[in-house]
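**Student:** here is the input, now give the coordinates:
(one chain, ligands or ions: 1)
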Amino acid sequence: RSLGNGHASRPQSPLKFFIQAKKRINDVFKEILEYVQEAEKFQTEVPEGCKQEEELSVTKYEGKIQGIIEVLTRDHMKVVFFGRTSNGKSTTINAMLRSKILPSGIGHTTNCFLQVEGCDSAEGFLLTEDSDQPKGIGSIKQLASALSTVKLKENSLIRILWPKDKCRLLREDVVFLDSPGIDVSPDLDTWIDNFCLDADVFVLVANAESTLMQTEKNFFHKVSSRLSKPNIFILQNRWDVSVSEEEADQVKEQHYQRNVDFLSNELKVVDKQEAKNRIFFVSSKEALISRLHEDNLTPTPSGSLQKDYPERLFAFANFEKSFESCISKSAVKTKFEQHSQRGKNIMSDLREIMEKTLSTSQTQMTEKQKFREEAADELDYLDKQLILLTSEIKDKIKYMVEDVENKVSYALNE
Ligand code: GDP
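**Tutor:** Have a look, this model is predicted:
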């Protein structure tokens with residue numbers, strides 16, 4: 001494999017950080033669940049008098065923890081792609097997935113969002129919002145025709161479930177969302193509410209031949225008013241065809257300045273220095289072509305890559321490296337921080353309840369002990385009384401019997 005063109009498998013992938021964190025936090029919640037179940041068993045076994053009232057029961061926590069575990073297993077890293085139609089959003093996603101999954105070059109005939117996510121089955125399938133029935137997609141042609149034949153509401157979501165074993169990024173829990181061209185139906189508020197609030201990274205696929213459009217800028221203004229400091233990458237795509245060699249450096253510098261200014265001064269999501277690390281001059285088309293040939297071990301046809309292409313392939317791989325590190329860190333922070341906070345709260349509630357249960361049962365035990373001791377003293381006294389009493393009665397009976405006997409013998413003698 002040539003260096004600098006991205007690798008199908010990266011042993012040191014930063015995405016693993018997310019996967020490991022997810023596994024670890026999942027294990028912790030499983031332990032908490034076991035603890036709750038034990039506490040629940042304990043509570044049902046304590047004697048009636050020590051039982052806690054409803055609000056001090058631990059039963060409700062079991063459902064809560066199971067809920068968190070369920071959300072946790074569905075948690076993933078989400079990247080959303082924006083830009084004008086034909087800037088190369090689909091091609092970029094395909095290049096990153098090293099596979100022609102999304103149809104490109106047809107524009108979105110429907111104004112819908114396409115989400116690519118991993119599945120465990122051997123064949124890919126589609127899921128649309130209007131039905132639970134998966135629709136088969138054997139090939140990219142079928143997908144394109146499926147997209148043009150399914151009738152969909154505007155701004156609806158089509159989920160493309162693609163076999164995880166075919167793409168590393170899907171295996172590593174990244175979900176890709178392709179949006180309709182921002183120039184087509186910019187109902188930006190709906191877009192943000194429905195699709196972007198759980199996004200970890202946004203990639204603006206810009207056209208290296210023109211400057212950023214106001215709609216593109218507006219979209220990110222709106223996003224950053226809803227999400228605090230969203231992670232935004234800007235790909236200046238089509239760098240292979242954009243400018244002549246003589247102008248290249250100058251045009252690049254202009255794009256850099258404008259984009260840095262947009263990210264740091266206008267949006268204030270990163271500082272100037274960091275903004276520079278968020279802008280990449282690439283050709284997604286070249287990246288896709290060369291990767292497909294690389295993976296199939298076939299030579300890339302001459303003419304499909306333009307002059308100086310290694311530089312652009314390198315830039316694309318660099319973008320991916322920064323992207324992977326950024327998305328993984330951001331997802332761990334935003335998604336797992338919430339879970340771990342909830343876990344901590346549950347644990348401190350549980351501790352309080354169990355401490356109360358313990359102290360109630362301790363008080364009850366001491367009271368019982370005291371009662372038992374008092375009862376024992378009383379019994380002792382009664383015992384003695386009884387002994388005295390019985391001996392008194394015995395004497396009385398003896399006298400009575402003797403008296404009766406005397407009286408009887410007296411009567412007989414008479
Ligand atoms: P989308 O509408 O933003 O998803 O754009 P597509 O990915 O469908 O790309 C539109 C057209 O531009 C397709 O014919 C692509 O092959 C082409 N294209 C995409 N990226 C590049 C690039 O970097 N260089 C060149 N020359 N063409 C590109």
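
**Student:** low-confidence ranges, the chain, go.
**Tutor:** The model of the chain has pLDDT under 70 over residues 1-11, 47-56, 105-110, 138-153, 185-186, 243, 393, 408, 412, 414.

**Student:** in it, which helix is the longest?
**Tutor:** helix 337-413 (DSSP state H).

**Student:** near the ligand, which residues of the stretch 1-150 of the chain are found?
**Tutor:** Listed as neighbours of the ligand in the stretch 1-150 of the chain under the rule CB under 6 Å from any ligand atom: 83, 85-91, 104-105, 107. Every C-beta, even on glycine, is put in place using the N, C-alpha and C of the backbone.

**Student:** and these, which of them are buried?
**Tutor:** Burial by neighbour count, judged by 16 or more other CB atoms under 10 Å, picks out 83, 86-91, 104 from those.

**Student:** what's in contact with stretch 216-225?
**Tutor:** Around stretch 216-225, the neighbours that count as contacts under CB atoms under 8 Å, 6 or more residues apart in numbering are 82-84, 182, 186, 188-189, 191-192, 196, 202, 204, 206, 230, 232, 262, 266-269.

**Student:** report the central residue of the protein.
**Tutor:** In the chain, the residue lying closest to the centroid (CA atoms, centre = their mean) is Asp75, at 2.4 Å.

**Student:** which residue, neighbours along the chain excluded, lies closest to it?
**Tutor:** Excluding its sequence neighbours, the residue lying closest to Asp75 (CB to CB, 6 or more residues apart in numbering) is Lys335, at 5.0 Å.

**Student:** ok, the one you found to the ligand distance?
**Tutor:** Lys335 sits 27 Å away from the ligand, going by CB to the nearest ligand atom, to the nearest Å.

**Student:** quick check: closest non-adjacent residue to Phe319.
**Tutor:** Closest to Phe319 by CB to CB, 6+ apart is Phe280, at 4.1 Å.

**Student:** what's the helix or strand for the one you found?
**Tutor:** Under the criterion of DSSP states H and E, Phe280 resides in strand 279-281.

**Student:** okay, helices next: where are they in the protein?
**Tutor:** Using DSSP H, helices in the chain cover 15-45, 59-74, 89-97, 140-149, 168-171, 188-191, 214-226, 248-260, 272-276, 284-296, 309-331, 337-413.

**Student:** from those helices, which stretch is densest packed?
**Tutor:** Highest mean neighbour count of the helices of the chain: helix 89-97, a mean of 26 (counted as mean count of other CB atoms under 10 Å).

**Student:** who in the stretch 201-350 of the chain is up against the ligand?
**Tutor:** Counting by CB under 6 Å from any ligand atom, the stretch 201-350 of the chain sits next to the ligand at 205, 237-238, 240-241, 283-285.

**Student:** restricted to strands, list the residues you listed.
**Tutor:** 205, 237 (DSSP state E).

**Student:** setting the sequence-adjacent residues aside, check what's closest to Ser304.
**Tutor:** Spatial nearest neighbour of Ser304, chain neighbours left out: Ile289 (5.1 Å); criterion: CB to CB, 6+ apart.

**Student:** can you pull the contacts of that neighbour?
**Tutor:** 300, 304-305.

**Student:** and for Asn94?
**Tutor:** Asn94 touches 100-102, 104, 284, 288, counting by CB under 8 Å, 6+ apart.

**Student:** nearest to the ligand among the residues you listed?
**Tutor:** Ser104 (3.3 Å; CB to the nearest ligand atom).

**Student:** for Pro103, see how far away the residue nearest to that closest one when sequence neighbours are not counted is.
**Tutor:** Of all residues not flanking Ser104 in the chain, Ser90 sits nearest, at 4.0 Å (CB to CB, 6+ apart). In this view, Ser90 and Pro103 are 7 Å apart by CB to CB, to the nearest Å.

**Student:** also Glu266?
**Tutor:** With CB to CB as the criterion, Glu266 and Pro103 are 34 Å apart.

**Student:** do the same with Ser86
**Tutor:** 13 Å.

**Student:** repeat for Gln66
**Tutor:** From Gln66 to Pro103 the distance is 40 Å (CB to CB).

**Student:** still on that earlier bit, can you lay out the helices of the chain as a markdown table showing distance to Ser131?
**Tutor:** Listed next are the helices of the chain as a markdown table, based on distance: least, CB to CB, whole Å:
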| stretch | distance to Ser131 |
| --- | --- |
| helix 15-45 | 30 |
| helix 59-74 | 21 |
| helix 89-97 | 24 |
| helix 140-149 | 13 |
| helix 168-171 | 23 |
| helix 188-191 | 22 |
| helix 214-226 | 30 |
| helix 248-260 | 42 |
| helix 272-276 | 44 |
| helix 284-296 | 32 |
| helix 309-331 | 30 |
| helix 337-413 | 32 |
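
**Student:** the residue nearest to the centre of the chain reaches Lys22, doesn't it?
**Tutor:** Yes. Under the criterion of CB atoms under 8 Å, Asp75 makes contact with Lys22 at 6.4 Å.

**Student:** give me the common contacts of those two.
**Tutor:** Common contacts of Asp75 and Lys22, defined by CB under 8 Å, 6+ apart, comprise 173, 336.

**Student:** report the distance from stretch 253-264 to the chain centre.
**Tutor:** 33 Å (CA atoms, centre = their mean, to the nearest Å).

**Student:** could you do stretch 290-306 as well?
**Tutor:** Mean-position distance between stretch 290-306 and its chain equals 37 Å (CA atoms, centre = their mean).

**Student:** would you put the C-alpha positions of that stretch in CSV?
**Tutor:** Output in CSV follows, covering the C-alpha atoms of stretch 290-306 (Å, rounded to 0.1, in the frame of the first residue of the first chain):
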residue,chain,number,x,y,z
SER,A,290,-7.0,5.5,-6.3
ARG,A,291,-8.3,3.7,-3.2
LEU,A,292,-10.7,1.5,-5.2
HIS,A,293,-7.8,0.4,-7.4
GLU,A,294,-5.5,0.0,-4.5
ASP,A,295,-7.9,-2.3,-2.6
ASN,A,296,-8.6,-4.3,-5.8
LEU,A,297,-4.9,-4.5,-6.5
THR,A,298,-5.5,-3.1,-10.0
PRO,A,299,-3.5,-0.3,-11.6
THR,A,300,-5.1,3.1,-11.6
PRO,A,301,-5.7,4.0,-15.3
SER,A,302,-3.5,6.8,-16.5
GLY,A,303,-5.4,10.0,-16.9
SER,A,304,-7.8,9.4,-14.0
LEU,A,305,-5.4,11.2,-11.6
GLN,A,306,-4.2,14.7,-12.4
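
**Student:** alright, I will stop here.
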